[in-house]
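**Student:** Show me how the following folds:
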Amino acid sequence: MSANGGDITGIEPGRVNLFVPPDWFDLLADGADREATRIRCAELVRLTYPNTPADRRNVFVDGLMECHERYLADGALMYGVITTPLPSSGAPAVWQVQAGAVAVPSTPAEVDLGELMSRVFDAQFKDKVAYIERFTTEMGIGFGFLSQPSFPVPKDWGEAASDVRTGLAGALACPPEGGKGLLVIGTCLDPQQVRELAALVAVIAGNSVFLPASSWTSNDQ
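**Tutor:** Numbering: from 1, shown residues only. So this is what the prediction gives:
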């Protein structure tokens with residue numbers, strides 16, 4: 001995705017230091033190593049659903065592996081999964097958070113990127129973005145938004161089924177000179193958890209930084 005509709009192939013190769021919780025589960029941490037990824041996914045599913053039959057857990061793992069392949073092919077930098085009770089309410093959180101590099105205008109301070117982001121997402125969902133905020137990040141500039149979009153459910157769910165509402169939060173962080181930015185997007189099944197999700201998304205985007213080539217070690221080359 002490009003925040004200005006441009007081609008992200010113009011972004012020079014580099015690295016990013018992602019600010020995430022110490023126990024963060026990143027589906028893409030092992031890169032293209034499918035075997036290592038499946039082992040980690042299987043352990044996550046086993047710990048999350050210890051009483052679920054093994055064959056059913058394998059289905060969950062297969063689903064995570066499909067996500068792994070899709071996001072890896074799309075060039076995502078991170079795809080995190082959270083399945084834990086929230087400290088505030090004890091309600092289970094089912095969150096997904098992804099991050100990727102995006103192209104931004106060379107003078108982002110002069111462009112209302114928050115409004116631009118809302119237009120992009122408003123075009124995708126019938127419910128408009130509810131809230132947009134600008135904030136300071138370690139890179140310099142940050143824009144965040146949150147919404148509670150609804151999606152039509154499949155017809156085979158029955159006549160009583162109605163649209164399903166979810167939570168959507170996003171944050172874009174970029175240097176003052178623009179050129180590239182980090183876009184972090186989070187979704188949650190419970191729309192009432194969107195503000196807590198937005199706080200996590202903002203923390204990740206706000207504290208992550210792109211690393212200059214001079215900071216890479218010889219092992220990184």
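
**Student:** and Glu115, how many neighbours?
**Tutor:** By other C-beta atoms under 10 Å, the residues close to Glu115 number 12. (Glycine included, C-beta is placed from N, CA and C.)

**Student:** Kindly apply the preceding question to Leu72 instead.
**Tutor:** For Leu72, the neighbour count with other C-beta under 10 Å is 17.

**Student:** Quick one: mean pLDDT for the helix or strand containing it?
**Tutor:** When elements are defined using DSSP states H and E, Leu72 is found to belong to helix 54-73. Model confidence over helix 54-73 averages 92 on the pLDDT scale.

**Student:** State the next helix or strand along the chain beyond that helix.
**Tutor:** Stepping forward along the backbone from helix 54-73, the first helix or strand reached (DSSP H and E) is strand 78-85.

**Student:** for the chain, what helix or strand is lowest in average pLDDT?
**Tutor:** Taking mean pLDDT, DSSP states H and E as the measure, the helix or strand of the chain with the lowest value is helix 113-122, at a mean of 69.

**Student:** and Leu47, that's in a helix?
**Tutor:** Yes: assessed by DSSP: H, G, I helix; E, B strand; the rest coil, Leu47 belongs to a helix.

**Student:** Do a quick rundown of the strands in this structure.
**Tutor:** When assigned using DSSP state E, the strands of the chain occupy the ranges 15-17, 78-85, 92-102, 131-136, 141-147, 150-151, 164-165, 167-174, 181-188, 209-211.

**Student:** Low-confidence ranges, this structure, go.
**Tutor:** The model of the chain has pLDDT under 70 over residues 1-13, 108-111, 113-114, 117, 120-129, 153-162, 213-221.

**Student:** For Val45, which residues are in contact?
**Tutor:** When contacts are counted by C-beta atoms under 8 Å, 6 or more residues apart in numbering, Val45 touches 57, 60-61, 64.

**Student:** Show me what the closest residue to Val194 other than its chain neighbours is bridged to.
**Tutor:** The shortest distance from Val194 to any residue that is not its chain neighbour, by C-beta to C-beta, 6 or more residues apart in numbering, is 3.1 Å, and that residue is Gly167. Gly167 has the following beta-bridge partners by DSSP bridges: Cys188.
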